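Undergrad: Need a 3D model of the sequence below.
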Amino acid sequence: MPPSRGRLAALVGAGIMVTRVLGFVRERVFAQYLGDSAAAGAFRAALRIPNVIRNLLGEGTLAASFIPVYAGMVERGETDDARRLAAVIASLLVLVTAAATLLGIVLAPVITDFAAPGFEGDTRTLTIRLVEIMFPMSGIMILSGWCLGILNTHRRFFLSYAAPAVWNVAQIAVLVGLGAVLVNGSRLVVALAWGALAGSVLQVLVQLPTTLRLAGRIRWSLQRAAPGVRRVIRNWLPVMFGAGVYQVSGLIENQLASLLGPEAVAILGYAQLVALLPVSLFGISVAAVALPELSRDAVGAGTEKLRRHIAEGARRVAFFVLPSAFAFATLGNEIIAALFQTGAFGAAETVFAGGVLAAYAVGVPAQASVKLLASGHYALGDTKTPVRIAAVSVTLSAALALLLMGRFGAPGIALGASLGAYVNLSLNFGLLSRRLGGILGRPEHRAIGVTLGAAALAALTAARAAALLEGGGTWLTALATLAAFGAVFGAVTFAAGHPDARGLARRLVGRGQGAGGGPAGTR
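TA: You can find the predicted model right below:
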């Protein structure tokens, strides 16, 4: 009997947690030496630019188009066809990414001017240099996305989501080893860019042995007539355009922030890292497990089974993400101070980043939930609907960000992105609900209502605790207020009989193996 979906989601969450913890270590050392300097802003902008290609051609887009076809073959026992499909997709990826990477290096000045139009002089020159160094990283990371597709289909979730940890380790090594030596920020970020490139190679290498063992013998092949290849490519194109829409959104945020100065770009990066933590831990973990499993359901099950699993996933995402959003909005300054306030990152930078984090917190529940709903569309073979919805929501996000930036600065950019995320959520939910004859039943509505009320009460309690501890150490204040938040939220949801709270409690005390719960519980 295969592991429960909750247990598989726990493996994804554990892998992401390892990566994110090391990511925060990397960012704290980054803040220590670079703060919100012009060099920090240049690195943030340059890192975002090659990520566009990685996200367009790999990871989420590849998973959405490749996994349903590959998983269907594996489920039906078509091992040879599955192996041929994996080989052709890998070969095509190598060709496409090599060409895109070379083109990106040649066009680095043009790309920099497009993505960061507010950068001038030395900051622009530095950003171009960093783009040239890190662009090959995007192609390498796409191969990591292929590994992820194979590993996830065979339920090897931990490795695929923990592998990026070595990317963080490579950068931490550069910062710790050279941070005190290369006091010039420009020289340090150039060294860091080389460390990021080396880390991307290591990220692929740690996944390859297991991936190749699971996929079987892989040979170079460009035979598009092989079973499933045309279907993957046909599904890939709309998903890629959908990812392109999201990347446009990220680039617009970057563009607008660059008009406020490289410092705003740097601060936006710190706040995004924190805001995306619950999205990655819970939204992505649930959606990552759901896609191959829902794809299996779609092979031989009716829509009722799909509906039930999506409803359970939505309830689970809400249980973990809603309190995170309330905590970020209420305790943003305390969290930012504990994580980043050191060296070149002072109290002023903490207040700046805390305000941006609070604005991003508004959209965190929507961003996390959309990933699960999109998986529902993909499992049903519909890759176009999420793309159309994304185009509408991103256009609105950009307009709102531009409007709100004039009044609120960088937090306005984040708030515009958050409001657009709810348009995305509403449209995805409405259309998928119509197709499945509804998604959330009465138990899910009640559970989400309990989660919302408990999160609000916990936020009020934590805010009071923060006021009482004003002037305390940053770590003391953060730990105490978050502990108060967690205690109230846990007690209220447990007392109300929330299935995820009860399941998590049983899990924590070592009982109820395989019982219901959050990422570590229900099926």
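Undergrad: For the rest of this, base every contact and every neighbour count on C-alpha atoms.
TA: Noted.
Undergrad: how near is residue 110 to residue 121?
TA: If you measure residue 110 against residue 121 using C-alpha to C-alpha, to the nearest Å, the figure is 15 Å.
Undergrad: Who has more neighbours out of the two?
TA: When residue 110 and residue 121 are compared on other C-alpha atoms under 10 Å, the one with more neighbours turns out to be residue 110, at 11 against 7.
Undergrad: top helix in this structure by residue count?
TA: The longest helix of the chain (DSSP state H) is helix 303-340.
Undergrad: And the next helix or strand past it?
TA: Tracing the chain past helix 303-340, the next element assigned as helix or strand by DSSP states H and E is helix 347-379.
Undergrad: which parts of that following helix are buried?
TA: Judged by neighbour count using 16 or more other C-alpha atoms under 10 Å, the buried positions of helix 347-379 are 349-379.
Undergrad: how about stretch 407-423: buried residues?
TA: 409-423.
Undergrad: Among the residues you listed, which one lies nearest to residue 266?
TA: Of all the buried residues of stretch 407-423, residue 410 has the smallest distance to residue 266: 10.6 Å, by C-alpha to C-alpha.
Undergrad: Next, the contact list for the closest one, please.
TA: Residues in contact with residue 410 (C-alpha atoms under 8 Å, 6 or more residues apart in numbering) are 257, 260, 264, 268, 356.
Undergrad: before we move on, what about residue 490?
TA: Contacts for residue 490 were tallied using C-alpha under 8 Å, 6+ apart; they are residue 501.
Undergrad: roughly how far is the host helix or strand of it from the heart of the chain?
TA: Here residue 490 is covered by helix 474-495, with elements defined by DSSP H and E. How far helix 474-495 lies from its chain's middle: 25 Å, per C-alpha atoms, centre = their mean, to the nearest Å.
Undergrad: The following helix or strand past that helix - contacts with which helices or strands?
TA: Following helix 474-495 in sequence order, the next helix or strand is helix 499-508 (DSSP H and E). The helices and strands touching helix 499-508, judged by 3 or more C-alpha pairs under 8 Å, 6 or more residues apart in numbering; DSSP states H and E, are helix 474-495.
Undergrad: Residue 82 reaches residue 70, doesn't it?
TA: Yes. Under the contact definition of C-alpha atoms under 8 Å, residue 82 touches residue 70, with a separation of 5.8 Å.
Undergrad: Which parts of the stretch 51-200 of the chain are strands?
TA: The residue ranges that make up strands in the stretch 51-200 of the chain, judged by DSSP state E, counting those that start in this stretch, are empty, as it has none.
Undergrad: how long is stretch 399-416 end to end?
TA: End-to-end distance (C-alpha to C-alpha), stretch 399-416: 8 Å.
Undergrad: so for that stretch, what's the average pLDDT?
TA: Mean pLDDT, taken over the full extent of stretch 399-416, equals 93.
Undergrad: Equivalent analysis for stretch 26-38, please.
TA: For stretch 26-38, the mean pLDDT works out to 91.
Undergrad: got the contact list for it?
TA: The contact list for stretch 26-38, computed with C-alpha under 8 Å, 6+ apart, reads 40, 123, 168-169, 171-172, 175-176, 179-180, 185, 262-264, 266-267, 270, 339-346, 349.
Undergrad: Specify the angle between the helix or strand where residue 421 lies and helix 347-379 in degrees.
TA: Using DSSP H and E, the element containing residue 421 is helix 410-436. Compare the direction of helix 410-436 with that of helix 347-379 by axes from the mean of the first three to the mean of the last three C-alpha atoms, to 10 degrees and you get 20 degrees.
Undergrad: Tell me the first helix or strand C-terminal of helix 410-436.
TA: In the C-terminal direction, the helix or strand that comes right after helix 410-436 (DSSP H and E) is helix 442-468.
Undergrad: can you pull the buried residues of that following helix?
TA: Of all the residues in helix 442-468, those buried under the rule 16+ other C-alpha under 10 Å are 444, 447-448, 450-463, 465-466.
Undergrad: show me the contacts for residue 413.
TA: Listed by C-alpha under 8 Å, 6+ apart, the contact set of residue 413 reads 253, 256, 257, 400, 401, 402, 404, 405.
Undergrad: what's the answer for residue 210, then?
TA: The neighbourhood of residue 210, defined by C-alpha under 8 Å, 6+ apart, consists of residue 151.
Undergrad: Helix or strand for it, just tell me which one.
TA: Take DSSP H and E as the rule and residue 210 turns out to sit in helix 185-215.
Undergrad: Looking at that helix now, give me its mean pLDDT.
TA: Here the mean pLDDT over helix 185-215 is 92, rounded to a whole number.
Undergrad: roughly how far is that helix from the heart of the chain?
TA: Its chain's C-alpha centre and that of helix 185-215 lie 18 Å apart, by C-alpha atoms, centre = their mean.
Undergrad: circling back to that earlier point, between residue 82 and residue 70, which is the more surrounded one?
TA: Relative neighbour count places residue 70 above the other of residue 82 and residue 70, with 26 against 22, counting by other C-alpha under 10 Å.
Undergrad: lowest-pLDDT helix or strand in this protein?
TA: The helix or strand of the chain with the lowest confidence, counting by mean pLDDT, DSSP states H and E, is helix 285-300 at a mean of 59.
Undergrad: Residue 313 against residue 372, yeah?
TA: Yes. Using C-alpha under 8 Å as the test, residue 313 is close enough to residue 372 to be in contact (7.3 Å).
Undergrad: circling back to that earlier point, what are the buried residues along the helix holding residue 210?
TA: Judged by neighbour count using 16+ other C-alpha under 10 Å, the buried positions of helix 185-215 are 185-186, 188-204, 206-208, 210-212, 215.
Undergrad: Same check on stretch 482-502?
TA: For stretch 482-502, a neighbour-count test (16+ other C-alpha under 10 Å) marks 482, 484-486, 488-490, 492-494, 498-502 as buried.
Undergrad: just stretch 103-116 next, same as before
TA: Those would be 104, 105, 108, 109, 111, 112, 113, 115, 116, for stretch 103-116 by 16+ other C-alpha under 10 Å.
Undergrad: For the fifth one, give me its contacts.
TA: Translated: residue 111. Applying C-alpha under 8 Å, 6+ apart, we find residue 111 in contact with 49, 104.
Undergrad: can you pull the pLDDT of residue 58?
TA: 60.
Undergrad: what does residue 303 give?
TA: 69.
Undergrad: what's the domain layout of this structure?
TA: Domain assignment for the chain, taken from automatic domain parsing, gives 5-440, 441-511.
Undergrad: and the contacts of residue 413 as a markdown table, adding secondary structure and neighbour count?
TA: Conversion of those to a markdown table gives the following (DSSP: H, G, I helix; E, B strand; the rest coil; neighbours: other C-alpha atoms under 10 Å):
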| residue | secondary structure | neighbour count |
| --- | --- | --- |
| 253 | helix | 24 |
| 256 | helix | 23 |
| 257 | helix | 28 |
| 400 | helix | 20 |
| 401 | helix | 27 |
| 402 | helix | 18 |
| 404 | helix | 18 |
| 405 | helix | 20 |
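Undergrad: Nearest to residue 431 among those?
TA: Sorting the contacts of residue 413 by how near they are to residue 431, with C-alpha to C-alpha, puts residue 400 at the top with 24.0 Å.
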